[in-house]
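Student: Mind looking at a prediction? Sequence and model below.
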Amino acid sequence: MRALRIGMFVCGALFAASLRAEIYELPPEGYDVVGAIATVLAREEDTLIDIARRNGLGYHDIVRANPDVNVWVPGEGTEVVLPTRFVLPPGPRRGIVLNLAEYRLYYYPPPVDGQPAYVMTYPISIGRMDWETPLGSTSVVSKVKDPSWYPPQSVRDEHAADGRPLPRIVPPGPDNPLGRYAMRLGLPGYLIHSTNRPAGVGMRVTHGCIRMFPEDIEYLFQNVDVSTPVRIINAPVKIGWFGDKLVMEVHPVLEAVVSEGNEELVAANIDVDTGDGAVEDADIPAQRKDPLTFVTEQFIAVTGNRAGSLDWDEVEILIHRSDGIPAAAGTRIKNAATSAASQ
């Protein structure tokens, strides 16, 4: 279950490219957790964003794991936590899985006979609340290198209202927000693509598409086949087994825009990428969801064939933190036929 880092060559051509993502051998039965938490020392010239990109992490990954560290000037010698331990997302381990609440993509390459199976994981940007990335199952239907961008009228109207008019067609080049690589999904109008604003990777800033670091999408583009299945989920809570331990990973629940007149409207923050590396907050009415609902759903799913119990005091601590760092939150019940979330 060790991570195979940048520059290593595994299984011939499959991993021939240099990667910034983490690559993990899929764990054996009874294990749903890969990777390990690490730390690095910041250099004088570093920002947390620089450190995140070098280590396969996005904006929220690094910021939530280091709440007391200045994002833009962490300071030379400051110890920075790298949250590079992951509970694998629920559901089938095949193709591409996009977990929006986690701002993360998982790719399960087709296994090679006689070789271990692997999973790769990359940070992503997702759609803003007013341009949400849809959930569901789809597939990669086409791939384009150096794509032109045809902004929809709604996006052109938005830019015009901000005094930044867009042409009908944006040709390939440094001003194209799709970058050099794009993979079109079966959901009309949605892409997994590169970006000319890498500082926004790991935030909620897009018009619904999935953005990746240029070096990450370059590898995927070369190795992901057309027709690869893509599953888009919203799992702010992930629970998995690590031997006899139940490990839980919690991220903040994504808020969703709801119609006017709903009495449960609350203020929720989204990220606004200003284009120069800065991040602003915008308040949009949203409906708050209870994270305990996600905990219960995931617990029932993961204990369907193997009984376990949760430490609810620890669950509350992890929900309060919501920092994406997995921690033990329960144990296996030996010699038990069934288990219930209310235990």
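Tutor: That came through, no problem. Numbering: from 1, shown residues only.

Student: Could you pull out the buried residues of the host helix or strand of Gly330?
Tutor: Using DSSP states H and E, Gly330 sits in strand 327-332. Of all the residues in strand 327-332, those buried under the rule 16 or more other C-beta atoms under 10 Å are 327, 329-330, 332. Heads up, the C-betas are built off the backbone N, CA and C, glycines and all.

Student: And it, what does it pack against?
Tutor: strand 237-242, strand 245-250, strand 308-310, helix 312-321 (3 or more C-beta pairs under 8 Å, 6 or more residues apart in numbering; DSSP states H and E).

Student: Give me the angle between the first one and strand 327-332.
Tutor: Angle of strand 237-242 versus strand 327-332, following axes from the mean of the first three to the mean of the last three C-alpha atoms, to 10 degrees, is 60 degrees.

Student: outside of strand 237-242, which residues touch it?
Tutor: The contact list for strand 237-242 (C-beta atoms under 8 Å, 6 or more residues apart in numbering) reads 30-33, 87-90, 99, 102, 246-251, 291, 294-295, 297-299, 301-302, 306, 308, 326, 328-330, 332.

Student: Leu41: neighbouring residues, count only.
Tutor: Neighbour count for Leu41, taken as other C-beta atoms under 10 Å: 13.

Student: Revised request: answer the last question for Asp311.
Tutor: Neighbour count for Asp311, taken as other C-beta under 10 Å: 15.

Student: what does Trp131 give?
Tutor: The burial count for Trp131: 17, using other C-beta under 10 Å.

Student: so what's it up against?
Tutor: Contact analysis of Trp131 by C-beta under 8 Å, 6+ apart lists 206-208.

Student: ok, now which ones touch the residue positioned nearest the centre of the chain?
Tutor: Residue closest to the average C-alpha location in the chain (C-alpha atoms, centre = their mean): Arg104, at 1.4 Å. Contact partners of Arg104, counting by C-beta under 8 Å, 6+ apart, are 58, 61, 86, 98, 121-124.

Student: now do Ile210
Tutor: 98, 105, 124-126, 133, 190-193.

Student: who's in contact with the residue nearest to Val97 when sequence neighbours are not counted?
Tutor: Take Val97 and drop its neighbours on the chain: the residue closest to it by C-beta to C-beta, 6 or more residues apart in numbering is Tyr106, 4.4 Å away. If you count contacts by C-beta under 8 Å, 6+ apart, Tyr106 has them with 88-89, 96-99, 119-121.

Student: got the angle between the strand holding Gly330 and strand 245-250?
Tutor: Relative orientation of strand 327-332 versus strand 245-250 (the same axes, to 10 degrees): 140 degrees.

Student: Between helix 312-321 and strand 327-332, find me the angle.
Tutor: Put simply, strand 327-332 runs at 150 degrees to helix 312-321, going by the same axes, to 10 degrees.

Student: The nearest residue to Ala101 once chain neighbours are set aside: neighbour count?
Tutor: Of all residues not flanking Ala101 in the chain, Pro236 sits nearest, at 3.8 Å (C-beta to C-beta, 6+ apart). Pro236 has 22 neighbouring residues, counting by other C-beta under 10 Å.

Student: Quick check, Pro236 in contact with Glu249.
Tutor: No - here Pro236 does not reach Glu249: they are 9.1 Å apart, not a contact under C-beta atoms under 8 Å.

Student: got a list of what the residue lying closest to Val73 once chain neighbours are set aside touches?
Tutor: With C-beta to C-beta, 6+ apart as the measure, Thr47 is the residue that lies nearest to Val73, at 7.3 Å, once sequence neighbours are left out. Shown in contact with Thr47 (C-beta under 8 Å, 6+ apart): 71-74.

Student: Restricted to helices, list the residues you listed.
Tutor: In this view, those have no member that belongs to helices under DSSP state H.

Student: Quick check: of those residues, which lies closest to Val140?
Tutor: Val71 (33.7 Å; C-beta to C-beta).
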